[in-house]
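Trainee: got a predicted structure here, sequence first:
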Amino acid sequence: MEAESLKSTFDRDGFIYLPAFLSTEQIAEIRERLDRFIAEKSAALPPEHIKYEVKEDATTLKMIQDLQVYDPFFADVLFTSTFTKLAEELLEEEVIGKTVEYFNKPPKIGKATPPHQDGYYFMLKPMSAVTMWMALEDVDAENGWVSYVKGSHKLGMRHHAFTNTLGFSQGIPDFGIPADMEKEVFFKTKPGDLLVHHALTIHRASPNTSEHRTRKAMGLIYFGASAAEDVAAKAAYVKALNQTGP
């Protein structure tokens, strides 16, 4: 898909789907690097950068954040790659790479990701930001596919409230109204397929109900150079988080 068509689709729907964005060989290298990182470095990561579905059970690894801080390979992926170029095309400005993340939903216990808007966490003015989600293996309804509400990025920020989901403390409590369900689009993805969404696009992911399959993916976040953190909103959020707890 040409750049102009990508941008038009992104502006209209709030997301784009790019099948086979990376080759089989590129995905194999990323997976090998991740496996090595997990084996050699995960035990030493601070708790804010690594999460398990079952606390202190390494077999239930759920999330690793800020991979670029610990491994130059992932720094290159975030700062000087085709992902960076794509973010610049979609936001129509220079971008700042914020993080590379690893996601997994372990078999049978991988919880659903609640419906939310990333911008609620980002708290930016203007809300110039994109999130990218790259499948590292086959993902479908059984093991946790991703869905978006088409056009929801045009409707502003929905009310969010605390959830009980580790790593995703905020969700949209009234999600499920007809306007959501009628426009929700689910994506069955293969390794190397890329999904990109605007920071205001409502999205969620299903739980992993399979018996043996994992659900591994890589995430990247980019802020537009024009975006500035809303300091007052961030302070209010942190205060509420400390008072109420996730």
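Mentor: Structure received. Numbers count the residues shown, from 1 in each chain.
Trainee: report the buried residues of stretch 219-235.
Mentor: Within stretch 219-235, the residues scored as buried using 16 or more other C-beta atoms under 10 Å are G219, L220, I221, Y222, F223, G224, A227. Bear in mind the C-beta positions are built from the backbone N, C-alpha and C, glycine included.
Trainee: got the contact list for the nearest residue to S206 once chain neighbours are set aside?
Mentor: Of all residues beyond its chain neighbours, the one nearest S206 is G144 (5.1 Å), with distances taken as C-beta to C-beta, 6 or more residues apart in numbering. G144 sits next to K105, G110, A112, T113, A205, S206, P207, N208, R215 when contact means C-beta atoms under 8 Å, 6 or more residues apart in numbering.
Trainee: let's see it at 10 Å
Mentor: For G144, the contact set (C-beta atoms under 10 Å, 6 or more residues apart in numbering) comprises 103-105, 110-113, 205-210, 213-215, 217.
Trainee: and M157, by the same measure?
Mentor: Counting by C-beta under 10 Å, 6+ apart, M157 touches Q117, G119, Y120, M123, M127, I172, A199, L200.
Trainee: out of those, which are inside helices?
Mentor: Within these, residues falling in helices by DSSP state H are G119, Y120.
Trainee: now the buried members of the contacts of M157.
Mentor: By neighbour count, with 16+ other C-beta under 10 Å, the contacts of M157 hold Q117, G119, Y120, M123, M127, I172, A199, L200 as buried.
Trainee: follow-up on the earlier one: the residue nearest to S206 belongs to a helix, doesn't it?
Mentor: No: following the definition DSSP: H, G, I helix; E, B strand; the rest coil, G144 is coil and is not counted among the residues of a helix.
Trainee: picking that back up, tell me which of the contacts of M157 is nearest to P72?
Mentor: The shortest approach to P72 among the contacts of M157 belongs to A199, at 27.2 Å (C-beta to C-beta).
Trainee: quick one: distance of the helix ranked longest in the chain to the chain centre.
Mentor: In the chain, taking DSSP H as the definition, the longest helix is helix 24-41. Distance of helix 24-41 from the chain centroid (C-alpha atoms, centre = their mean, to the nearest Å) equals 19 Å.
Trainee: now the helix or strand just after it: mean pLDDT?
Mentor: The element immediately downstream of helix 24-41 (helix or strand, assigned by DSSP states H and E) is strand 50-52. When pLDDT is averaged along strand 50-52, the result is 94.
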